[in-house]
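1. Sequence plus the predicted model coming up.
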Amino acid sequence: SVTAGIALAVYAIVRAPEQGWTSAATVLELAGALALLALFLVVQRTVREPLMPLAVWRTPGLATANLAMALLGAAWIPMWYFLNLYLQQVLGYGAFPSGAALLPMTVAIMIFMIGITARLLGRFGAKPLIVIGLAVMAAGVGALSFARPDGTFAVDVLPASLVAAVGMSLAYIPAMMSAMSGVGPQESGLASGIVNTTYQIGSAIGLAAMTAIATSRPVEPGDLAGLTDGFQGAFVGAGTVAVVGAVLALLLIRRPKPVGGHPGEEREKARA
């Protein structure tokens, strides 16, 4: 039910520009998606061994960290997707050169995640990195919205994409750790599964929404300016999602409380 509900929601969002957001088909598809998701919650509440025990959502910080992860995916994956389309359909890159053009982002992510983000996380905690990371990503994705029909990789793509990659690197691991920090050891696997699924759901819905924005106006074959306008709209939408994520993370994420009993009890257990 949850898989079918998410798939139907994505399908409805992608088809909405063609069918109309207020058309009967779009309304029925979105209503069906909500009904399937509601059915999933009912099943999880009533079965003896649920796939996702709903009580886990009472864990402090889990819901807000998952919201940050969903918005992170909803901004990052559309940016990556439409940047690839811009490279191929506007700048004329082939499939392999456009893939190679994205490697600097991958290298930047590896360097920051392995060598920098972990140290910053230990020093400043998760919340500042999530907020700053989403804000930096928003700046990078927003800069991509200025890409030109006659642009170049060195000017229109590389600097902005590296900024977005730095933002992604700063936010991803702290958001993951924040989602799991409040649960006990027996629920860590469940929390990990939830936050990874949330990221994928956010990515799918975000990509569907940005696709709807990018294709909202018909473009004639060979109209590079029209294609670029659509991609710019998608970048603006993705950057806006990242800004919303940064603001919500700033307002909602709290420092998690230690899991377990009184600190004195924990020390006694450690001595034993």
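-> Received, thanks.

2. show me what contacts Tyr86?
-> Leu144, Ala147, Val157, Leu227, Thr228, Phe231 (CB atoms under 8 Å, 6 or more residues apart in numbering). From N, CA and C alone the C-beta is placed, and that goes for glycine too.

3. one more time with 10 Å, if that's ok
-> By CB atoms under 10 Å, 6 or more residues apart in numbering, the contact list for Tyr86 reads 93, 98, 144, 147, 149, 151, 153, 156-157, 227-228, 230-232, 234-235.

4. Please identify which of these is nearest to Tyr11.
-> Ala234 (18.5 Å; CB to CB).

5. Quick check: closest non-adjacent residue to Ser23.
-> Spatial nearest neighbour of Ser23, excluding adjacent residues (CB to CB, 6 or more residues apart in numbering): Ala16 at 7.9 Å.

6. my read: the one you found touches Ala25, true?
-> Yes: using CB atoms under 10 Å, Ala16 is in contact with Ala25, at 9.0 Å.

7. The two - which one has more neighbours?
-> Each of Ala16 and Ala25 has its neighbours counted (other CB atoms under 10 Å); Ala16 has more, 21 against 13.

8. any idea which element that one lies in?
-> Using DSSP states H and E, Ala16 sits in helix 2-19.

9. After that helix, which helix or strand is next?
-> Past helix 2-19, the next helix or strand by DSSP H and E is helix 24-46.

10. just to revisit the earlier point, list the residues that contact the residue nearest to Ser23.
-> Thr22, Ser23, Ala25, Thr26, Val27, Glu29, Leu30, Ala208, Ala209, Ala212, Ser216.

11. Give me the pLDDT value at it.
-> The score at Ala16 is 86. That number is its pLDDT.

12. what does Gly261 give?
-> Reported pLDDT for Gly261: 42.

13. Equivalent analysis for the one 3 residues further on, please.
-> At Gly264, the predicted lDDT confidence score is 42.

14. try Gly20
-> Here, the pLDDT recorded for Gly20 equals 86.

15. mind checking how far it is from Thr211?
-> Remark: distance between Gly20 and Thr211 (CB to CB, to the nearest Å) = 16 Å.

16. Between the two, tell me which one has more neighbours.
-> Thr211 (20 against 12).

17. is it true that the more buried one touches Ala238?
-> No: counting by CB under 10 Å, Thr211 stays clear of Ala238, with 11.1 Å between them.

18. intersection of neighbour lists for these two?
-> Common neighbours of Thr211 and Ala238 (CB under 10 Å, 6+ apart) are Pro78, Tyr81, Phe82.

19. which of these lies closest to Ala135?
-> Pro78 (17.6 Å).

20. which non-adjacent residue is nearest the closest one?
-> Met210 (3.8 Å).

21. Which of the three states applies to that neighbour?
-> Judged by DSSP: H, G, I helix; E, B strand; the rest coil, the three-state class of Met210 is helix.

22. Tell me how many other residues crowd it.
-> That count, for Met210 with other CB under 10 Å as the rule, works out to 27.

23. Please tell me how far it sits from Leu36.
-> From Met210 to Leu36 the distance is 23 Å (CB to CB).

24. Now Gly5: closest residue in space, sequence neighbours ignored.
-> Leu36 (3.2 Å).

25. so what pLDDT did the one you found get?
-> Note for Leu36: predicted pLDDT of 97.

26. ok, it to Leu8 distance?
-> 7 Å.

27. Could I get the pLDDT score of the residue lying closest to Arg148 once chain neighbours are set aside?
-> Among residues not flanking Arg148 along the chain, Asp156 sits closest, at 6.0 Å (CB to CB, 6+ apart). Reported pLDDT at Asp156 in the predicted model: 95.

28. ok, back up a step: generate a PyMOL selection restricted to the buried subset of the contacts of Ala16.
-> Per 16 or more other CB atoms under 10 Å, the buried members of the contacts of Ala16 correspond to this PyMOL selection:
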select buried, resi 26+29+30+208+209+212
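
29. Show me where the stretch 151-272 of the chain has its strands.
-> Remark: no strands are assigned in the stretch 151-272 of the chain by DSSP state E, counting those that start in this stretch.
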